[in-house]
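[1] structure for the following, please:
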Amino acid sequence: MSRIEKVVTSGTFSLDGGTWDVDNNVWLLGDDDEVIVIDAAHDADAIVESIGGRRVVAVLLTHAHDDHVDAAPALADTTGAPVYLNPDDEPLWNLAHPGLPLPSPLTDGQTFEVAGTTLVARHTPGHAPGATVFVAPDLGVVFTGDTLFQGGPGATGRSYSDFPTIVDSITDVLLTLPPETVVHTGHGDDTTIGAEAPHRQEWLDRGH
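    Purely as a prediction, here's the structure:
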């Protein structure tokens, strides 16, 4: 049975001329032999240490804001694993890693297998054009990156983001999951779909 591990790394997020200190959740899904890494934030060495001797099936990126992808090239070099990103995030990838080729394309509905568990990629634009969540139906979990947090949608106040789009993505993709589904976020604490769903009207009223 696959298990979920969380590695918290620290660094900065920069966009639109500002820089902020951030702590990021890096998620490992797998068993004693193989693992998938979700997001490659800040510290490739810390992530590699948590991987141990396991084979890395893939590095999956929820979106290309620099705090989620800054360690991706080093992690790929060290592990030899392919990196996947929705190509709609090309502008953000180019800001984070100018001159480096785009990772392998990640498409809506694409599946990944690790340790007997299937992960399904679902495109959820809004926080970023290529933002993608990863659903593990048999584990009852979803890895949402910065699309949905405890307390509502991710930020949409900066370039390449859009508030109505993120609400539509959450409504169409995430709120259709079972309410007991655990939400593993890109920053901060877990929540559940059932805890967030009743607040959708409040998000709309709040707007952005």
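[2] Arg200 should be in a strand, yeah?
    No - counting by DSSP: H, G, I helix; E, B strand; the rest coil, Arg200 is not found in a strand; it is helix.
[3] surely it is in contact with Val167?
    Yes - contact criterion Cβ atoms under 8 Å: Arg200 and Val167 qualify, at 7.3 Å. Using the backbone N, CA and C atoms, a C-beta is placed for each residue, glycine as well.
[4] these two: which is more packed in?
    Val167 (20 against 15; other Cβ atoms under 10 Å).
[5] need the three-state assignment for the nearest residue to that one once chain neighbours are set aside.
    For Val167, ignoring the flanking residues on the chain, the nearest one in space by Cβ to Cβ, 6 or more residues apart in numbering is Trp203 at 5.9 Å. Following three-state DSSP, Trp203 is assigned to helix.
[6] report the contact partners of Trp203.
    By Cβ atoms under 8 Å, 6 or more residues apart in numbering, Trp203 lies in contact with Gly152, Pro153, Val167.
[7] can you add secondary structure, pLDDT and distance to Thr62 and give those residues back as CSV?
    Shown next, in CSV, are those (DSSP: H, G, I helix; E, B strand; the rest coil; pLDDT from 0 to 100; distance: Cβ to Cβ, whole Å):
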residue, secondary structure, pLDDT, distance to Thr62
Gly152, strand, 96, 17
Pro153, strand, 97, 14
Val167, helix, 97, 18
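[8] dump those to TSV, plus distance to Val182.
    Compiled in TSV, the contacts of Trp203 are given as follows (distance: Cβ to Cβ, whole Å):
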residue	distance to Val182
Gly152	17
Pro153	18
Val167	21
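[9] which one of the residues you listed is nearest His63?
    Pro153 (13.4 Å; Cβ to Cβ).
[10] can you give me the neighbour number for that closest one?
    For Pro153, using other Cβ under 10 Å, the count is 25.
[11] over to Asn94?
    Asn94 has 13 nearby residues by other Cβ under 10 Å.
[12] quick one: list the elements packing against the host helix or strand of it.
    Asn94 is part of helix 90-96, with elements assigned from DSSP states H and E. Judged by 3 or more Cβ pairs under 8 Å, 6 or more residues apart in numbering; DSSP states H and E, helix 90-96 is in contact with helix 66-69.
[13] before we move on, the earlier item: in the helix holding Asn94, what's buried?
    Leu92, Trp93, Leu95, Ala96 (16 or more other Cβ atoms under 10 Å).
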